[in-house]
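Chemist: build me a model from this:
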Amino acid sequence: MGITKLADLIRLDAHDAISHKDISDYTGKVIALDTSIVVNQFRAATPALSPLTGLFFRTLTFLEHGIKPVFVFDGKPPGEKAAVAPGDAEAMCAWLVRAGTVDAVASEDMDSLPFGANILIRQLNAKKDSEVIEYSLPKLLQKLQISHEEFVDLCILLGCDYCDKIAGLGPRRALTLIQKHRTIENVVLNVNRKTHPVPLFWKYKEARKLFLDAPQIETPELVWTEPDEEALVKFLCHVKYVKEERVRSRMEKFRKTREEREKEKAAGCTKQTKMEDFFRVTRKRGQPVEAADSLSSNTKRPKSK
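Modeler: Purely as a prediction, here's the structure:
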């Protein structure tokens, strides 16, 4: 589920924390990815095929652009998440950013921000002309004028995977309450419990601890090697029954693309900026009003005069 309507709230109240980029802007970067989310994307898009096939093609695309991907797998799920899909890869990805091991997290799940990832990248895929969306946590906190701890409490109020939320509390109202009262404890003392009942046995403290505590592991040493084509063919073709011609032809394209990039780099060539790069479309006409209406459960957006 992630954090309910957090992306909408950021777009409307902290749009300066969002930037729109191209996949080529991440050349030379090390990017952590929540593997379960990537795999589930491929399962939904191509249910008849093994998601590992999509993972194979996307990984080569990252490597062609000079991106070093770090695929993070879920470990043992925390007890607070037993009722939903198990996983703690978001916390690990965010910790790798904070430790300086990777440059950013690429995920469609907004959980990476309350976990402390300074940079969250969404829509980092292999589609041609796909616009990548980048979120900056420092800029977000500065714009909202709250600390990271207060932002975590905001995300719990919005709705997260680890506990219930106060009923009927819209995102805009939740933000206002945190900006004014700073903690969930103070919000509970000042909210109308008749219109916004507080859950019984609310485990918000446990959720807060999960977001703020760093994983208790040593910083890993990351090493990248060249793709082993024969091992890939053996696994993808003979175990997952992907057509060998597809694997071989994609590997051949990968080698040629990298050779061309190396030649361009040696010659000092750079990507030529196109006119349309200066005029990115960030949203369709009419979307801001619709998004604003969905952000509050009790109030309507005032009409423009």
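Chemist: list the buried residues of the one helix or strand residue 150 maps to.
Modeler: Assigned by DSSP states H and E, residue 150 belongs to helix 148-158. Neighbour-count burial for helix 148-158 flags 150, 151, 152, 153, 154, 155, 156, 157, 158 (criterion: 16 or more other CB atoms under 10 Å). C-betas here are computed from N, CA, C, even on glycine.
Chemist: what residues are up against the fifth one?
Modeler: Listed by CB atoms under 8 Å, 6 or more residues apart in numbering, the contact set of residue 154 reads 144, 146, 174, 175, 178.
Chemist: any chance of the residues you listed in CSV, plus distance to residue 14?
Modeler: Putting the contacts of residue 154 into CSV (distance: CB to CB, whole Å) gives the following:
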residue, distance to residue 14
144, 6
146, 10
174, 14
175, 10
178, 13
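Chemist: ok, so of these, who is nearest residue 196?
Modeler: Nearest to residue 196 out of those is residue 174 (CB to CB; 9.9 Å).
Chemist: for the helix or strand encompassing the closest one, the distance to its chain's centre please.
Modeler: Per DSSP H and E, residue 174 falls inside helix 171-181. The chain centre lies 23 Å from the centre of helix 171-181; the measure is CA atoms, centre = their mean, to the nearest Å.
Chemist: are there helices or strands packed against the helix or strand where residue 256 lies, and which ones?
Modeler: Residue 256 belongs to helix 244-266 when assigned by DSSP H and E. Applying 3 or more CB pairs under 8 Å, 6 or more residues apart in numbering; DSSP states H and E, one finds that helix 244-266 makes contact with helix 51-64, helix 229-238.
Chemist: so which of those is the most packed in?
Modeler: Among those, helix 51-64 has the highest mean neighbour count (mean count of other CB atoms under 10 Å), at a mean of 18.
Chemist: tell me the mean pLDDT for it?
Modeler: Mean pLDDT, computed over helix 51-64, is 93.
Chemist: confidence score at residue 11?
Modeler: Residue 11 is given a pLDDT of 96.
Chemist: ugh, typo on my part, it should be residue 261
Modeler: 87.
Chemist: can you tell me how far it is from residue 16?
Modeler: 33 Å (CB to CB, to the nearest Å).
Chemist: which of the two has more neighbours?
Modeler: residue 261 (15 against 12; other CB atoms under 10 Å).
Chemist: how near is residue 51 to residue 268?
Modeler: 39 Å.
Chemist: ignore the last one, residue 41
Modeler: 37 Å.
Chemist: how about residue 13?
Modeler: 43 Å.
Chemist: of these two, who's got more company?
Modeler: residue 13 (17 against 6).
Chemist: ramachandran coordinates for that one?
Modeler: Backbone torsions of residue 13, given as degrees, to the nearest 10, read phi -110, psi -10.
Chemist: list the buried ones in the helix holding residue 174?
Modeler: Buried, per 16+ other CB under 10 Å, within helix 171-181: 171, 172, 173, 174, 175, 177, 178, 181.
Chemist: skipping adjacent residues, who's closest to the residue most central in space within the chain in space?
Modeler: Centroid check for the chain by CA atoms, centre = their mean gives residue 107 as the closest residue, at 2.8 Å. Once flanking residues are discounted, residue 107 sits nearest to residue 34: 4.7 Å by CB to CB, 6 or more residues apart in numbering.
Chemist: now do the same contact list for that neighbour.
Modeler: 72, 87, 89, 90, 93, 105, 107, 109, 112.
Chemist: need the pLDDT of it.
Modeler: pLDDT, residue 34: 89.
Chemist: repeat that for residue 96.
Modeler: 94.
Chemist: same deal with residue 77?
Modeler: At residue 77, pLDDT is 61.
Chemist: cool, and the one 5 residues further on?
Modeler: Residue 82 carries a pLDDT score of 48 in this model.
Chemist: check contacts around residue 188.
Modeler: 166, 198.
Chemist: so how far is residue 9 from it?
Modeler: Taking CB to CB, one finds residue 188 at 21 Å from residue 9.
Chemist: residue 164 now?
Modeler: Counting by CB to CB, the gap from residue 164 to residue 9 is 19 Å.
Chemist: and those two? Which one has more around it.
Modeler: residue 9 (24 against 16).
Chemist: spatially nearest residue to the more buried one (excluding sequence neighbours)?
Modeler: residue 171 is the one closest to residue 9 (CB to CB, 6+ apart), at 4.6 Å.
Chemist: go ahead and confirm the one you found touches residue 155.
Modeler: No. Between residue 171 and residue 155 no contact is recorded; they are 10.2 Å apart, counting by CB atoms under 8 Å.
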